[in-house]
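> need a 3D model of the following:
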Amino acid sequence: MSKSKICVVTGTRAEYGLLYPVIKAISEDEDLHLQLIATGMHLSHEFGLTFREIEKDGFYIDKKIEMLLSSDTPVGTVKAMGLGLIGFADAYSELKPDLLVVLGDRFEILAACQAALIFKIPIAHIGGGDTTEGAFDESIRHSITKMSHLHFVTNEKAYMRVVQMGEKKENVYNVGSPGIDVILNTKLLAKEALEKELNLKFHEKNLLITYHPETLSGVPSCQNVKELLYALDGLGENTGLIFTKSNADPEGREIINLVEEFVKEHPNAYIYHSLGRKVYLSVMTHVDAVVGNSSSGLYEAPSFKKPTVNIGDRQKGRLMASSVINCAPERGEILKAIKKAFVMDCSDTVNPYGDGKSSKRIVKVIKSIKEYKALLKKRFYDF
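Residues are numbered from 1 along each chain as shown. From the prediction side, this is the model:
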């Protein structure tokens, strides 16, 4: 009996970090054959050529699809999606997967799903049903939900939203976030090892900072970043500032330039293309708070009992642990939130995104499908 060909697409370092346990579980299953496609930021020099991390983990990349342009304007993003469609058409034609597995809400993944729809490849979507009111990722995520046939959501509210969109209950599974699987199964680095690995020195207080474009805001994201940098400057030299770079959304490169200039002028600040899954989580264990608007502050930080200062509306609407402090993108509000985080007791924090068994549940469902093509004809579920 031939193995079922399960194709996983990944376009960013952060999304790969969440997908890792799922990819690993598929690759280790004797009844499944993993096909892996890397695209987007993974193949960009600007963003650290992070496909190497995938290969370092021991996975073979079947196809590398170049789609990013050296532009973070809306024109550049849309053209990148067009290039992605062409690349995915060639890849699917050759690989002929039985099922496509994707995660999240990035424009690279939208292109992957659009192509799969026309190729009649059933889609399994991880992370549908969440809401993020401040970014066009919101519409992308829900669009992918309607193109998908199996839904692996991370929480009960997301489950209900996917069903509200007309997806049949029997095809929607609340499995939790695979990011929790990663945390529970990764041997993290000690502080001394991290200092050597990253060539940095931890300070009296330390922050892990990531700020991505807020793509639906009426205010330029760079203006919000300037407010953030003003606030961080006010913390003084005894606070270590560890930045990871922004993503490739519109304004992403402008944000990176602003942060790089700030780091040059502040010896207590450091910036990295990509820390990688293990190092990123290790840093999180040793900082005093996570700051910015990345979903990692909501998904992963609560598991480490760390406070998150969530700035602006990019993550507005997501399920949040008690350790999350929301604030406006204004220097005074940001500084006040960070100072609150420094004295916050998060010892009783419970991560609302699962128990660390997500990837096992996902693979179990994938293996239970007798005929993947039978998933293609969808009936709108009315309730």
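> got a list of what residue 13 touches?
The neighbours of residue 13, taking C-beta atoms under 8 Å, 6 or more residues apart in numbering as the test, are 41, 42, 47, 48, 50, 53, 274, 276. Any C-beta I mention is one placed from the backbone N, CA and C, and that applies to glycine too.
> er, residue 262 actually
So residue 262 contacts 229, 232, 233, 269 (C-beta under 8 Å, 6+ apart).
> can I get the residues you listed in a markdown table including secondary structure, neighbour count and pLDDT?
Shown next, in a markdown table, are the contacts of residue 262 (DSSP: H, G, I helix; E, B strand; the rest coil; neighbours: other C-beta atoms under 10 Å; pLDDT from 0 to 100):
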| residue | secondary structure | neighbour count | pLDDT |
| --- | --- | --- | --- |
| 229 | helix | 24 | 98 |
| 232 | helix | 24 | 98 |
| 233 | helix | 15 | 97 |
| 269 | strand | 23 | 98 |
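> quick one: least confident of the contacts of residue 13?
Minimum pLDDT for these is recorded at residue 274 (81).
> so which helix or strand takes in that residue?
Per DSSP states H and E: residue 274 is located in neither a helix nor a strand.
> so it makes contact with residue 245?
Yes: using C-beta atoms under 8 Å, residue 274 is in contact with residue 245, at 7.4 Å.
> which of the three states applies to residue 151?
Following DSSP: H, G, I helix; E, B strand; the rest coil, residue 151 is assigned to strand.
> now the residue nearest to it when sequence neighbours are not counted, what are its backbone angles?
Once flanking residues are discounted, residue 151 sits nearest to residue 172: 4.4 Å by C-beta to C-beta, 6 or more residues apart in numbering. In terms of degrees, to the nearest 10, the main-chain angles of residue 172 are phi -120, psi 130.
> from residue 356, how far off is residue 172?
Residue 172 sits 21 Å away from residue 356, going by C-beta to C-beta, to the nearest Å.
> next: residue 45.
Residue 45 is 35 Å from residue 356, where distance means C-beta to C-beta.
> and for residue 215?
31 Å.
> for residue 58, same thing?
Residue 58 sits 21 Å away from residue 356, going by C-beta to C-beta.
> on that earlier part again, looking only at neighbour counts, state which of residue 45 and residue 356 leads.
Neighbour totals were compared for residue 45 and residue 356, and residue 356 leads with 20 against 8 (other C-beta atoms under 10 Å).
> ok, and the closest non-adjacent residue to the more buried one?
Nearest residue to residue 356, sequence neighbours excluded (C-beta to C-beta, 6+ apart): residue 184, at 4.0 Å.
> try residue 145
In space, residue 145 is closest to residue 128, 4.2 Å off (C-beta to C-beta, 6+ apart).
> from residue 46, how far out is that neighbour?
Counting by C-beta to C-beta, the gap between residue 128 and residue 46 amounts to 29 Å.
> mind giving me the domain ranges of this protein?
Domains of the chain are assigned by automatic domain parsing as 4-177+354-375, 191-342.
> quote the end-to-end distance of the longest one.
From its first residue to its last, domain 4-177+354-375 covers 15 Å (C-alpha to C-alpha, to the nearest Å).
> quick one: distance of it to the chain centre.
11 Å (C-alpha atoms, centre = their mean, to the nearest Å).
> before we move on, what about the shortest one?
From the chain centre to the centre of domain 191-342 is a distance of 15 Å (C-alpha atoms, centre = their mean).
> from residue 319, how far off is the residue nearest to residue 356?
Distance, residue 184 to residue 319, using C-beta to C-beta: 19 Å.
> got phi/psi on residue 210?
According to degrees, to the nearest 10, residue 210 has phi -140, psi 130.
> kindly report the same for residue 125.
phi -110, psi 130.
> swap in residue 227?
When read as degrees, to the nearest 10, the backbone of residue 227 gives phi -60, psi -40.
> neighbours of it, just the number please.
Neighbours of residue 227 (other C-beta under 10 Å): 21.
> before we move on, what about residue 185?
By other C-beta under 10 Å, 12 other residues sit near residue 185.
> what sits against it?
Residues near residue 185 by C-beta under 8 Å, 6+ apart: 21, 356.
> mind running it again at 10 Å?
Residue 185 makes contacts with 20, 21, 24, 356, 359, as judged by C-beta atoms under 10 Å, 6 or more residues apart in numbering.
> residue 106 now?
Counted by C-beta under 10 Å, 6+ apart, residue 106 has contacts 9-12, 14-15, 39-41, 112, 137, 140-141, 144, 247-249.
> try 7 Å
Neighbour list for residue 106: 11, 12, 15 [criterion: C-beta atoms under 7 Å, 6 or more residues apart in numbering].
> which of these fall in helices?
Using DSSP state H, the subset of the contacts of residue 106 located in helices is residue 15.
> among the contacts of residue 106, name the buried ones.
By neighbour count, with 16 or more other C-beta atoms under 10 Å, the contacts of residue 106 hold 11, 12, 15 as buried.
> where does the last one land on pLDDT?
We note a pLDDT of 93 for residue 15 in this prediction.
> need the strands for the stretch 101-250 of the chain, in chain order.
For the stretch 101-250 of the chain, applying DSSP state E, counting those that start in this stretch gives strands covering 123-126, 150-153, 172-174, 205-210, 239-244.
> where does pLDDT dip in the stretch 151-300 of the chain?
Within the stretch 151-300 of the chain, no stretch has pLDDT under 70.
> before we move on, the earlier item: any idea how far the residue nearest to residue 145 lies from residue 323?
Residue 128 sits 25 Å away from residue 323, taking C-beta to C-beta as the criterion.
> what sits against residue 174?
Residue 174 is in contact with 153, 155, 156, 159, counting by C-beta under 7 Å, 6+ apart.
> residue 238 reaches residue 206, doesn't it?
No: the pair residue 238 / residue 206 is not scored as a contact, 9.9 Å apart, by C-beta atoms under 7 Å.
> number of nearby residues for residue 30?
Counted with other C-beta under 10 Å, residue 30 comes out at 6.
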